[in-house]
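**Student:** no sequence for this one, just the structure:
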């Protein structure tokens, strides 16, 4: 925390002086927010000495015409970050609680379609039945997905993340799935299956991994990328050692062996790309069947005690007070 790191116009005064803390990042966040809002820099001069003077005094303003279209709340957010004294500057927690962040209205094009929401719900419920190898592959696909490939899923994540803090808590998850009318134990089971690192919430990449199939068929080249990452020694096959390294120490050799046997159809002790692709596609089909069965079970209601057309109701044909 002594070196000048970054581009000069984003550096906090303390960074320029060579003695700083993590609060320097909040200053930089303020600079970036200013730039994103106005397409201009808060501190800029052709002469470096002049620009440093501006930074050291937090000499900036909202005089450009574009700021007339920017809310006072947004300007206040920037102003509370671009404060010379790091003790008076917002810390990360308080910045996330700022009204501009918390009360931000969603734009129409940020709202996911009902069809996509339904597909995501199915994927989430299916995920708890997904094999460990398939989850591993989906996480790798999620990590390597471009913004364009998962743009619609980001909208769904944001709709679940009602507190806008970048994670999905169990309460947020349960509220999002309430329309599915699943028992609490199933919701908890689904949540736990997605929360792979067991930290009590669902992170963005975990969510994308569990829902990437909601967008339909995953192109083979993306499955191939997952295979290549599992084939870490570039042998053209996924070996037992590759699986053990990828799954981690929590998985015993016996569990790894069981996974290998399930995919290794020609019994040569390793997984070829063809076997991997067939397994990936086959399990996806099986999960769809399971989802259909679960939906039928959850929607089944006993007919015992249901009110029929011949029931005596106020104002009905059997109402003795009816005139």
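**Tutor:** Nice, thanks for sending it over. Remember, it's a predicted structure, so these values are computed and weren't measured experimentally.
**Student:** pass me the low-pLDDT residue ranges in this structure, would you?
**Tutor:** Scanning the chain for pLDDT under 70 picks out 107, 283-323.
**Student:** residue contacts, the spatially most central residue of the chain?
**Tutor:** Nearest to the geometric centre of the chain sits residue 204, at 2.1 Å (Cα atoms, centre = their mean). By Cβ atoms under 8 Å, 6 or more residues apart in numbering, the residues touching residue 204 are 157, 166-167. Where you see a C-beta, it was placed from the backbone N, CA and C, and this is true even at glycine.
**Student:** just the buried ones from those residues, in PyMOL syntax?
**Tutor:** Here is the PyMOL command that selects only those of the contacts of residue 204 that count as buried (16 or more other Cβ atoms under 10 Å):
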select buried, resi 157+167
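**Student:** dump the contacts of residue 204 to TSV, plus secondary structure.
**Tutor:** Formatted as TSV, the contacts of residue 204 follow (DSSP: H, G, I helix; E, B strand; the rest coil):
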residue	secondary structure
157	helix
166	coil
167	coil
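**Student:** ok, residues contacting stretch 174-192?
**Tutor:** By Cβ under 8 Å, 6+ apart, stretch 174-192 touches 121, 124-125, 127-128, 159-160, 162, 168, 170, 173, 202, 298-299.
**Student:** buried ones among the residues you listed?
**Tutor:** 121, 124-125, 127-128, 159-160, 168, 173, 202.
**Student:** tabulate these (a markdown table), appending secondary structure.
**Tutor:** Below are these laid out as a markdown table (three-state DSSP):
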| residue | secondary structure |
| --- | --- |
| 121 | helix |
| 124 | helix |
| 125 | helix |
| 127 | helix |
| 128 | coil |
| 159 | helix |
| 160 | helix |
| 168 | strand |
| 173 | helix |
| 202 | strand |
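**Student:** between the residues you listed, which is nearest residue 265?
**Tutor:** residue 127 (24.3 Å; Cβ to Cβ).
**Student:** report the contact partners of that closest one.
**Tutor:** So, once contact is read as Cβ under 8 Å, 6+ apart, residue 127 ends up touching 135, 190, 193-194, 210.
**Student:** that one and residue 176, how far apart?
**Tutor:** 14 Å (Cβ to Cβ, to the nearest Å).
**Student:** quick check: residue 89 is in a helix.
**Tutor:** No. Counting by three-state DSSP, residue 89 falls outside a helix, being coil.
**Student:** quick one, what contacts it?
**Tutor:** Here residue 89 is in contact with 23, 26-27, 80-83 (criterion: Cβ under 8 Å, 6+ apart).
**Student:** one more time with 10 Å, if that's ok
**Tutor:** 12, 14, 23-24, 26-27, 30, 58, 80-83, 95 (Cβ atoms under 10 Å, 6 or more residues apart in numbering).
**Student:** from memory residue 4 sits against residue 15, does it?
**Tutor:** Yes. Using Cβ atoms under 10 Å, residue 4 is in contact with residue 15, at 5.9 Å.
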